[in-house]
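Q: return a 3D structure for these sequence lines:
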Amino acid sequence: MKTYTIFFLFPILLSLFPAPTPADPKLTKIIHQLFDSVKNMRSVQYKVTAVERGLNEFHTVHSEVKLQCKPRKVYLVNPAKKLEILYNSQTDADKALVKSPTLAFVSIKLDPTGNIMRKNQHYSIHELGFDFIIKALALIISKDPEGLANFTLHGKCIKNNRSCYLLEYNNNQFRYINYTVGNKETVSLIAGKLIVNEHIIRYKNNLINDFSYLKSGSILKVPNLFLKRAVVYIDEKTMLPISISIFDEKEMFETYDFTEIEVNKNFTEMDFNRKNKDYHF
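A: Sure, this is the predicted structure:
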(Lines give C-alpha, C1' and ligand atoms only; values in the text may rest on other atoms or scores of the structure.)
Protein backbone atom coordinates (compact mmCIF):
# COMPACT_ATOMS: atom_id res chain seq x y z
CA MET A 1 0.00 0.00 0.00
CA LYS A 2 1.52 3.28 -1.12
CA THR A 3 1.70 6.21 1.28
CA TYR A 4 -0.66 8.37 -0.75
CA THR A 5 -3.21 5.57 -0.69
CA ILE A 6 -2.93 5.40 3.09
CA PHE A 7 -3.54 9.14 3.37
CA PHE A 8 -6.66 8.75 1.24
CA LEU A 9 -7.99 5.76 3.16
CA PHE A 10 -7.19 6.94 6.67
CA PRO A 11 -10.39 8.99 7.25
CA ILE A 12 -12.39 6.03 5.94
CA LEU A 13 -10.56 3.66 8.29
CA LEU A 14 -11.31 5.91 11.25
CA SER A 15 -14.99 6.11 10.34
CA LEU A 16 -15.33 2.33 10.46
CA PHE A 17 -14.79 2.22 14.20
CA PRO A 18 -16.92 3.69 17.00
CA ALA A 19 -15.55 6.14 19.54
CA PRO A 20 -16.98 4.67 22.75
CA THR A 21 -14.86 6.54 25.29
CA PRO A 22 -14.63 10.30 25.99
CA ALA A 23 -10.90 10.26 25.11
CA ASP A 24 -11.49 8.96 21.59
CA PRO A 25 -12.38 12.31 19.92
CA LYS A 26 -9.18 13.90 21.22
CA LEU A 27 -7.10 10.91 20.22
CA THR A 28 -8.70 10.79 16.79
CA LYS A 29 -8.00 14.48 16.28
CA ILE A 30 -4.34 14.04 17.22
CA ILE A 31 -3.91 11.16 14.77
CA HIS A 32 -5.59 13.19 12.01
CA GLN A 33 -3.24 16.10 12.72
CA LEU A 34 -0.29 13.72 12.64
CA PHE A 35 -1.31 12.46 9.21
CA ASP A 36 -1.84 16.00 7.93
CA SER A 37 1.57 17.16 9.21
CA VAL A 38 3.38 14.36 7.39
CA LYS A 39 1.25 14.73 4.27
CA ASN A 40 2.04 18.45 4.00
CA MET A 41 5.77 18.02 4.53
CA ARG A 42 7.86 19.02 1.51
CA SER A 43 11.27 18.28 3.00
CA VAL A 44 12.93 17.48 6.30
CA GLN A 45 16.36 17.17 7.89
CA TYR A 46 16.90 15.22 11.09
CA LYS A 47 19.03 12.84 13.14
CA VAL A 48 17.66 9.41 13.98
CA THR A 49 18.72 6.66 16.34
CA ALA A 50 17.40 3.27 15.29
CA VAL A 51 17.43 0.23 17.56
CA GLU A 52 16.37 -2.94 15.74
CA ARG A 53 16.26 -6.53 16.89
CA GLY A 54 18.37 -8.99 14.90
CA LEU A 55 18.46 -12.74 15.27
CA ASN A 56 20.78 -12.72 18.28
CA GLU A 57 21.11 -9.11 19.37
CA PHE A 58 19.89 -5.56 18.94
CA HIS A 59 21.59 -3.28 16.44
CA THR A 60 21.86 0.45 17.15
CA VAL A 61 22.51 2.89 14.31
CA HIS A 62 22.86 6.68 14.41
CA SER A 63 22.20 8.47 11.13
CA GLU A 64 21.78 11.97 9.77
CA VAL A 65 19.25 12.43 6.99
CA LYS A 66 18.28 15.02 4.39
CA LEU A 67 15.03 14.17 2.64
CA GLN A 68 13.10 15.90 -0.13
CA CYS A 69 9.68 14.34 -0.54
CA LYS A 70 8.68 15.11 -4.14
CA PRO A 71 10.58 14.31 -6.24
CA ARG A 72 12.15 12.01 -3.68
CA LYS A 73 15.80 12.72 -2.90
CA VAL A 74 17.78 11.35 0.04
CA TYR A 75 21.18 11.90 1.56
CA LEU A 76 22.08 9.75 4.55
CA VAL A 77 25.31 9.59 6.50
CA ASN A 78 26.30 7.34 9.37
CA PRO A 79 29.46 9.06 10.70
CA ALA A 80 30.45 6.20 13.01
CA LYS A 81 30.38 3.61 10.24
CA LYS A 82 31.62 6.06 7.58
CA LEU A 83 28.63 5.14 5.45
CA GLU A 84 27.06 7.54 2.95
CA ILE A 85 24.04 7.02 0.72
CA LEU A 86 22.72 9.33 -1.99
CA TYR A 87 19.44 8.71 -3.79
CA ASN A 88 17.82 10.90 -6.44
CA SER A 89 14.66 9.60 -8.08
CA GLN A 90 15.02 12.13 -10.89
CA THR A 91 18.38 10.81 -12.06
CA ASP A 92 18.08 7.12 -11.14
CA ALA A 93 14.88 5.78 -9.61
CA ASP A 94 16.21 2.24 -9.19
CA LYS A 95 19.68 2.81 -7.77
CA ALA A 96 21.33 4.58 -4.84
CA LEU A 97 24.95 5.68 -4.66
CA VAL A 98 26.67 4.07 -1.68
CA LYS A 99 30.10 4.52 -0.13
CA SER A 100 31.08 2.31 2.77
CA PRO A 101 34.13 0.57 4.32
CA THR A 102 32.48 -2.74 3.46
CA LEU A 103 32.75 -1.72 -0.19
CA ALA A 104 36.43 -0.81 0.18
CA PHE A 105 35.43 2.86 0.20
CA VAL A 106 34.52 2.66 -3.50
CA SER A 107 31.32 4.46 -4.49
CA ILE A 108 28.92 2.01 -6.08
CA LYS A 109 25.29 2.08 -7.24
CA LEU A 110 23.02 -0.44 -5.54
CA ASP A 111 19.35 -1.38 -5.54
CA PRO A 112 17.78 0.14 -2.36
CA THR A 113 15.52 -2.91 -2.06
CA GLY A 114 18.23 -5.45 -2.82
CA ASN A 115 20.01 -7.87 -0.51
CA ILE A 116 23.14 -5.79 0.04
CA MET A 117 21.42 -2.56 1.10
CA ARG A 118 18.73 -4.27 3.15
CA LYS A 119 20.99 -6.72 4.97
CA ASN A 120 20.33 -6.55 8.73
CA GLN A 121 17.97 -3.61 8.17
CA HIS A 122 14.28 -3.53 9.04
CA TYR A 123 13.59 -0.85 6.44
CA SER A 124 15.04 0.42 3.17
CA ILE A 125 15.91 4.04 2.38
CA HIS A 126 12.47 4.30 0.75
CA GLU A 127 10.98 4.26 4.27
CA LEU A 128 13.18 7.07 5.58
CA GLY A 129 11.26 9.97 7.07
CA PHE A 130 7.92 9.62 8.80
CA ASP A 131 5.99 7.75 6.10
CA PHE A 132 6.61 4.34 7.65
CA ILE A 133 5.11 5.51 10.96
CA ILE A 134 1.98 6.71 9.18
CA LYS A 135 1.80 3.44 7.29
CA ALA A 136 2.16 1.46 10.54
CA LEU A 137 -0.66 3.38 12.26
CA ALA A 138 -2.98 3.04 9.26
CA LEU A 139 -2.31 -0.70 8.97
CA ILE A 140 -2.80 -1.20 12.71
CA ILE A 141 -6.25 0.36 12.45
CA SER A 142 -7.22 -1.49 9.26
CA LYS A 143 -6.13 -4.88 10.65
CA ASP A 144 -7.49 -4.61 14.21
CA PRO A 145 -11.26 -5.23 14.49
CA GLU A 146 -11.38 -3.00 17.57
CA GLY A 147 -9.63 -0.15 15.78
CA LEU A 148 -9.12 2.93 17.90
CA ALA A 149 -10.57 1.25 20.97
CA ASN A 150 -7.14 -0.28 21.59
CA PHE A 151 -5.39 3.11 21.47
CA THR A 152 -4.83 5.11 24.66
CA LEU A 153 -3.92 8.77 24.93
CA HIS A 154 -1.75 9.18 28.04
CA GLY A 155 -1.70 12.97 27.90
CA LYS A 156 1.44 15.05 27.56
CA CYS A 157 5.04 14.38 28.54
CA ILE A 158 8.59 15.43 27.68
CA LYS A 159 10.46 13.33 25.10
CA ASN A 160 13.71 14.29 23.39
CA ASN A 161 13.39 17.69 25.09
CA ARG A 162 10.03 18.30 23.41
CA SER A 163 6.49 18.53 24.79
CA CYS A 164 4.69 15.54 23.30
CA TYR A 165 1.42 13.65 23.23
CA LEU A 166 1.97 10.05 24.30
CA LEU A 167 -0.11 7.46 22.43
CA GLU A 168 -0.10 3.74 23.12
CA TYR A 169 -1.63 0.86 21.21
CA ASN A 170 -2.03 -2.54 22.86
CA ASN A 171 -3.86 -5.68 21.77
CA ASN A 172 -3.69 -8.83 23.90
CA GLN A 173 -5.20 -10.90 21.06
CA PHE A 174 -1.86 -10.84 19.22
CA ARG A 175 -0.80 -14.36 18.27
CA TYR A 176 0.72 -16.40 15.44
CA ILE A 177 -1.08 -18.55 12.89
CA ASN A 178 0.16 -20.90 10.18
CA TYR A 179 0.41 -19.68 6.60
CA THR A 180 1.13 -21.88 3.58
CA VAL A 181 3.41 -20.18 1.08
CA GLY A 182 2.02 -19.95 -2.45
CA ASN A 183 3.79 -19.86 -5.79
CA LYS A 184 6.36 -17.06 -6.21
CA GLU A 185 5.65 -15.41 -2.86
CA THR A 186 8.15 -13.37 -0.86
CA VAL A 187 7.93 -12.24 2.75
CA SER A 188 7.09 -8.73 1.52
CA LEU A 189 4.23 -9.99 -0.67
CA ILE A 190 2.79 -12.12 2.14
CA ALA A 191 2.99 -9.26 4.66
CA GLY A 192 1.22 -6.94 2.23
CA LYS A 193 -1.50 -9.48 1.50
CA LEU A 194 -2.15 -10.20 5.18
CA ILE A 195 -1.65 -6.57 6.34
CA VAL A 196 0.91 -7.56 8.95
CA ASN A 197 4.43 -6.49 9.90
CA GLU A 198 6.94 -7.84 7.38
CA HIS A 199 9.87 -7.72 9.79
CA ILE A 200 8.07 -9.65 12.54
CA ILE A 201 7.44 -12.42 9.98
CA ARG A 202 11.13 -12.37 9.05
CA TYR A 203 12.24 -12.60 12.68
CA LYS A 204 9.77 -15.32 13.66
CA ASN A 205 10.77 -17.53 10.71
CA ASN A 206 14.52 -16.80 10.62
CA LEU A 207 14.18 -14.98 7.27
CA ILE A 208 15.70 -11.63 8.22
CA ASN A 209 17.91 -11.41 5.12
CA ASP A 210 15.87 -13.57 2.73
CA PHE A 211 14.38 -11.34 0.03
CA SER A 212 13.90 -14.03 -2.62
CA TYR A 213 10.93 -16.27 -3.47
CA LEU A 214 10.07 -18.67 -0.65
CA LYS A 215 9.58 -22.39 -1.14
CA SER A 216 6.02 -23.04 -2.29
CA GLY A 217 4.08 -25.13 0.21
CA SER A 218 6.31 -24.28 3.18
CA ILE A 219 4.64 -23.21 6.43
CA LEU A 220 5.31 -19.84 8.05
CA LYS A 221 4.31 -18.51 11.43
CA VAL A 222 2.64 -15.14 10.75
CA PRO A 223 1.06 -12.68 13.20
CA ASN A 224 -2.71 -12.28 13.16
CA LEU A 225 -2.32 -8.52 13.80
CA PHE A 226 0.14 -5.91 12.57
CA LEU A 227 1.85 -5.82 15.98
CA LYS A 228 1.07 -6.32 19.65
CA ARG A 229 1.98 -2.93 21.09
CA ALA A 230 3.21 0.45 19.90
CA VAL A 231 4.26 3.59 21.77
CA VAL A 232 4.29 6.86 19.82
CA TYR A 233 5.39 10.33 20.94
CA ILE A 234 3.96 13.19 18.85
CA ASP A 235 5.49 16.65 19.09
CA GLU A 236 2.80 19.03 20.40
CA LYS A 237 4.11 21.92 18.29
CA THR A 238 4.82 20.28 14.93
CA MET A 239 2.43 17.31 15.31
CA LEU A 240 5.17 15.07 13.96
CA PRO A 241 6.21 11.74 15.48
CA ILE A 242 9.55 12.09 17.24
CA SER A 243 9.69 8.58 18.68
CA ILE A 244 8.04 5.24 17.99
CA SER A 245 8.59 1.84 19.58
CA ILE A 246 7.04 -1.34 18.21
CA PHE A 247 6.62 -4.56 20.22
CA ASP A 248 5.85 -8.17 19.39
CA GLU A 249 4.79 -10.79 21.95
CA LYS A 250 8.26 -10.86 23.56
CA GLU A 251 9.58 -7.35 23.95
CA MET A 252 10.52 -4.24 22.05
CA PHE A 253 11.09 -5.13 18.40
CA GLU A 254 12.28 -1.80 17.04
CA THR A 255 12.46 1.82 18.14
CA TYR A 256 13.26 5.06 16.32
CA ASP A 257 14.08 8.39 17.97
CA PHE A 258 14.19 11.59 15.90
CA THR A 259 16.04 14.75 16.97
CA GLU A 260 17.11 18.08 15.47
CA ILE A 261 14.16 18.00 13.08
CA GLU A 262 13.97 20.82 10.54
CA VAL A 263 10.76 20.74 8.51
CA ASN A 264 10.44 22.18 4.99
CA LYS A 265 14.09 23.09 4.83
CA ASN A 266 15.09 24.79 1.56
CA PHE A 267 17.55 22.35 0.07
CA THR A 268 19.63 23.15 -3.01
CA GLU A 269 20.61 20.84 -5.86
CA MET A 270 24.01 20.38 -4.21
CA ASP A 271 22.39 18.80 -1.16
CA PHE A 272 21.69 15.76 -3.35
CA ASN A 273 24.75 15.90 -5.59
CA ARG A 274 27.77 13.63 -5.20
CA LYS A 275 30.00 16.65 -5.92
CA ASN A 276 28.97 18.35 -2.68
CA LYS A 277 32.23 19.33 -0.99
CA ASP A 278 31.04 17.92 2.34
CA TYR A 279 30.35 14.47 0.87
CA HIS A 280 32.91 11.75 0.16
CA PHE A 281 31.64 9.85 -2.86
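
Q: what does stretch 261-268 rub up against?
A: Residues outside stretch 261-268 that contact it (Cβ atoms under 8 Å, 6 or more residues apart in numbering) are 41-46, 66, 68, 73, 235, 238, 240, 242. Where C-beta positions appear, they are placed from N, C-alpha and C, glycine not excepted.

Q: and the longest helix for this protein?
A: Taking DSSP state H as the criterion, the chain has its longest helix at helix 24-39.

Q: that helix: which residues count as buried?
A: 24, 27, 28, 30, 31, 34, 35, 37, 38, 39 (16 or more other Cβ atoms under 10 Å).

Q: try stretch 164-179
A: Buried-residue list, stretch 164-179, by 16+ other Cβ under 10 Å: 164, 165, 166, 167, 169, 171, 174, 176, 179.

Q: can you check stretch 178-195 too?
A: 179, 181, 185, 186, 187, 190, 191, 194.

Q: quote the end-to-end distance of it.
A: With Cα to Cα, to the nearest Å as the measure, the ends of stretch 178-195 fall 15 Å from one another.

Q: how far does that stretch sit from the chain's center?
A: 20 Å (Cα atoms, centre = their mean, to the nearest Å).

Q: try stretch 148-163
A: With Cα atoms, centre = their mean as the basis, stretch 148-163 stands 19 Å off its chain's centre.

Q: quick one: mean pLDDT over that stretch.
A: Stretch 148-163 shows a mean pLDDT of 93.

Q: sketch out the low-pLDDT regions of the protein for me.
A: Residue ranges of the chain with pLDDT under 70: 1-24.

Q: mind redoing it with 80?
A: For the chain, applying pLDDT under 80 flags the ranges 1-24, 103, 105, 145, 147.

Q: got the residue ranges for the helices in it?
A: Under DSSP H, the chain gives helices at 3-15, 24-39, 115-118, 131-143, 187-194, 198-204.

Q: can you give me the angle the second one makes with helix 131-143?
A: By that I understand helix 24-39. 140 degrees (axes from the mean of the first three to the mean of the last three Cα atoms, to 10 degrees).

Q: other SSEs contacting helix 24-39?
A: Using 3 or more Cβ pairs under 8 Å, 6 or more residues apart in numbering; DSSP states H and E, the elements in contact with helix 24-39 are helix 3-15, helix 131-143, strand 151-159, strand 162-170.

Q: sorry, back to before: now, which of the buried residues of helix 24-39 sits nearest residue 227?
A: Distance to residue 227 across the buried residues of helix 24-39 (Cβ to Cβ) is lowest for residue 31, with 16.2 Å.

Q: in CSV: the buried residues of helix 24-39, plus distance to residue 115.
A: As requested, the buried residues of helix 24-39 are exported to CSV (distance: Cβ to Cβ, whole Å):
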residue, distance to residue 115
24, 43
27, 40
28, 40
30, 39
31, 35
34, 33
35, 33
37, 34
38, 29
39, 32
